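In: Following is a predicted model, sequence given first.
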Amino acid sequence: MEPTMSLGVFLLPGGHHPSAWRVPDGPVPDPCDIDYVASLASLAEHGGFHFLFLADSDALWRSDGAALRRDPNAFGLEPLTLLSALSRSTETLGLVATVSTSYHDPYSVARRLSSLDHLSRGRAGWNIVTSFMPQVAANFGGSALPAHDRRYERAEEFMNVVDGLWRLWGHGIVTRDRASGNYLAHGEIPTLDHSGPHFAVRGPLNQPPSPQSRPLLVQAGSSPAGMSFAARWSEVVFTVESDLDSSARTRARFHELLAGAGRVPGEVRLMPGLLVLVEDTDEQAWRVLDRLQSMVDPHLGLVQLKDYGFPIDMTEHSWSDPVPAVRGDADGQQGRQEVLRRIAAAREMSIEQLARYVAFTRGHNLLVGSAERVADEMERWWRAGACDGFNVMPARLPLDLERFSASVVPLLRDRGVLTAPRPGWTLREQLGLTLSPVDR
């Protein structure tokens, strides 16, 4: 079967635009209301998305009080718990949870993710992160965030442990043979006996292999260390790209890294984030965006820049000043810093313009307009080889999720670039990644 576009939805219950929840005719979201979140998952499934993606942090997302007061997405439910609940009300939708390797132990993470794969009958995915917020370290007994590359060293060992645990059982051991009275084929399961700089884990898991053997592995780091890590482990890579050419270059560089890791492009889907706001006409869509942007407090963008390790000191500048040449924090989000520097320079942005832009897009590509325009641009990127699909980020929820599903998805299907999810298929199969790395 020829590969087609992969489609995920990045779910922020308040909508990806920070002012979306303030629109009078829309709902006031509650990220902890399971009925509300389940309704969004149902929209995504019936809208033809292949998976739902949940971001997460092990700390209150906003360290700045003024920003916290205005952010409907600063808190929410723990993703593995939430997705376990959603597994019972969905059938084809993949369920991708974010879990950090920096502040959890590999045995528990391997067991919980395998459990989600069992509950969902093979629809689980793991977004592997290393955490970049100092306040997370403070919640786990640390006074400082470990250095960037040090976090990836721990992540590498973490992955070797969970991968080893998922491999130990092997398939076919659960026989349930009534005649012999043996529920398992034999009474010995190998131990892992891992001992390394960060972890000592005996194993095995007290759980047989899940439908996918292991959940789909997802990663979003775009620093050199992050991309090298993704080339070794990931099957879906989320990227931050603002234009087709840069996305195509990223994909080409990543394919070179894959080859160096002994892998081929068909084993991985590169999926940039795509912010969408859909109206009947382009003009209507831009008017809506202008109204939403007028309600954005630029201070939110400054806080976002600081969180990425790209701070701007407003005691030394005015809002109308050009974006200064800031030396980013080496332990922050290095890839995101570089994207934002490039955008600010190319568009000759003032500090206020960048702050308002970052508060909404966070550096991702923005598509505003009619369904035809959105579908045209998505098809153009995909056919040009700039990506393998998109992680769609609806500006307003549920409105843009509804409109994208009802108008953009049918256009993409009619053009033969997108296929509908198939009942009974695992998430890996839905994405055309039928060969599990465990079985290679």
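Out: Okay, I see it.
In: When you work out contacts or count neighbours from here on, use the C-alpha atoms and nothing else.
Out: Noted.
In: Determine the longest helix present in this structure.
Out: helix 148-168 (DSSP state H).
In: Not counting that one itself, show me its contacts.
Out: 101-102, 105-107, 109-110, 130, 189-192, 194, 196, 198-199, 201, 203-205, 209, 213-214, 225-226, 229, 330-332, 438 (C-alpha atoms under 8 Å, 6 or more residues apart in numbering).
In: which secondary structure element contains residue 376?
Out: Using DSSP states H and E, residue 376 sits in helix 371-383.
In: residues of that helix that come out buried?
Out: For helix 371-383, the neighbour count (16 or more other C-alpha atoms under 10 Å) marks 371-375, 378-379, 381-382 as buried.
In: Then stretch 6-18?
Out: Under 16+ other C-alpha under 10 Å, the buried positions of stretch 6-18 are 6-18.
In: can you tell me which residues contact residue 423?
Out: Here residue 423 is in contact with 91-92 (criterion: C-alpha under 8 Å, 6+ apart).
In: what kind of secondary structure is it in?
Out: Taken by DSSP: H, G, I helix; E, B strand; the rest coil, the conformation at residue 423 corresponds to coil.
In: Tell me the pLDDT of it.
Out: For residue 423, the model assigns a pLDDT of 96.
In: In PyMOL, select just the buried ones from the contacts of helix 148-168.
Out: Selection command for PyMOL covering only the buried members of those, criterion 16+ other C-alpha under 10 Å:
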select buried, resi 101+102+105+106+107+109+110+130+192+201+203+204+205+209+213+214+225+226+229+331+332
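In: Quick one: mark the members of the contacts of helix 148-168 that sit in strands.
Out: The strands, defined by DSSP state E, take in 194, 201 from these.
In: Identify the residues contacting stretch 77-87?
Out: So stretch 77-87 is in contact with 31-32, 34, 38, 41, 54-56, 95-98, 112-113, 116, 119-120, going by C-alpha under 8 Å, 6+ apart.
In: residues in contact with the helix holding residue 376?
Out: 5, 244, 276, 278-280, 282, 367-368, 387-389, 404, 407-409, 411-412, 417.
In: now stretch 244-255
Out: Residues outside stretch 244-255 that contact it (C-alpha under 8 Å, 6+ apart): 227, 231, 241, 264-265, 270, 272, 381, 384-387.
In: again, 10 Å this time
Out: 222, 227-228, 230-231, 237, 239-241, 256-258, 260-261, 263-266, 268-272, 339, 365, 377-378, 380-382, 384-388 (C-alpha atoms under 10 Å, 6 or more residues apart in numbering).
In: For the chain, which segments count as strands?
Out: 6-10, 51-54, 94-100, 124-129, 174-177, 182-184, 194-195, 200-201, 216-219, 236-239, 269-278, 365-369, 389-394.
In: got the residue ranges for the helices in the stretch 1-150 of the chain?
Out: 34-46, 65-70, 79-86, 106-119, 134-139, 148-168 (DSSP state H, counting those that start in this stretch).
In: ok, residue 3 - contacts?
Out: 266, 388, 417-419, 431-433.
In: One more: residue 321?
Out: 349-353.
In: any idea of the pLDDT on the nearest residue to residue 10 once chain neighbours are set aside?
Out: Nearest in space to residue 10, with sequence neighbours left out and distances taken as C-alpha to C-alpha, 6 or more residues apart in numbering, is residue 53 at 4.8 Å. For residue 53, the model assigns a pLDDT of 97.
In: low-confidence ranges in the stretch 301-440 of the chain?
Out: Under the criterion pLDDT under 70, the flagged ranges of the stretch 301-440 of the chain are 309-310, 326-336, 434-440.
In: any idea how far residue 170 is from residue 264?
Out: 25 Å (C-alpha to C-alpha, to the nearest Å).
In: swap in residue 342?
Out: Taken as C-alpha to C-alpha, the span from residue 342 to residue 264 is 30 Å.
In: and what of residue 72?
Out: Relative to residue 264, and taking C-alpha to C-alpha, residue 72 is found at 40 Å.
In: more neighbours, the two?
Out: More neighbours surround residue 72 than the other of residue 72 and residue 264, with 21 against 14 (other C-alpha atoms under 10 Å).
In: Now the more buried one. Nearest residue, chain neighbours left out?
Out: Closest to residue 72 by C-alpha to C-alpha, 6+ apart is residue 14, at 5.5 Å.
In: Same check on residue 235?
Out: Here the residue nearest residue 235, using C-alpha to C-alpha, 6+ apart, is residue 268, at 4.3 Å.
In: wait, isn't that neighbour in contact with residue 259?
Out: No. Distance between residue 268 and residue 259: 11.6 Å, which falls outside the contact criterion (C-alpha atoms under 10 Å).
In: Return every residue with contacts to both of these two.
Out: residue 231.
In: How much space separates residue 84 from residue 421?
Out: 20 Å.
In: Looking only at neighbour counts, state which of these two leads.
Out: A direct count of neighbours by other C-alpha under 10 Å for residue 84 and residue 421 places residue 421 higher, at 25 against 20.
In: Break down the stretch 301-440 of the chain into its helices, ranges please.
Out: Using DSSP H, counting those that start in this stretch, helices in the stretch 301-440 of the chain cover 334-346, 351-361, 371-383, 399-403, 409-414, 427-430.
In: For residue 89, which of the ones you listed is the nearest?
Out: Closest of the helices of the stretch 301-440 of the chain to residue 89 is helix 427-430, at 16.0 Å (criterion: C-alpha to C-alpha).
In: Quick check: end-to-end length of stretch 298-318?
Out: End-to-end for stretch 298-318, by C-alpha to C-alpha: 12 Å.
In: So which bits of it are buried?
Out: Those buried within stretch 298-318 under the rule 16+ other C-alpha under 10 Å are 298-312.
In: cool, stretch 134-150 as well?
Out: 134-137, 145-146, 148-149.
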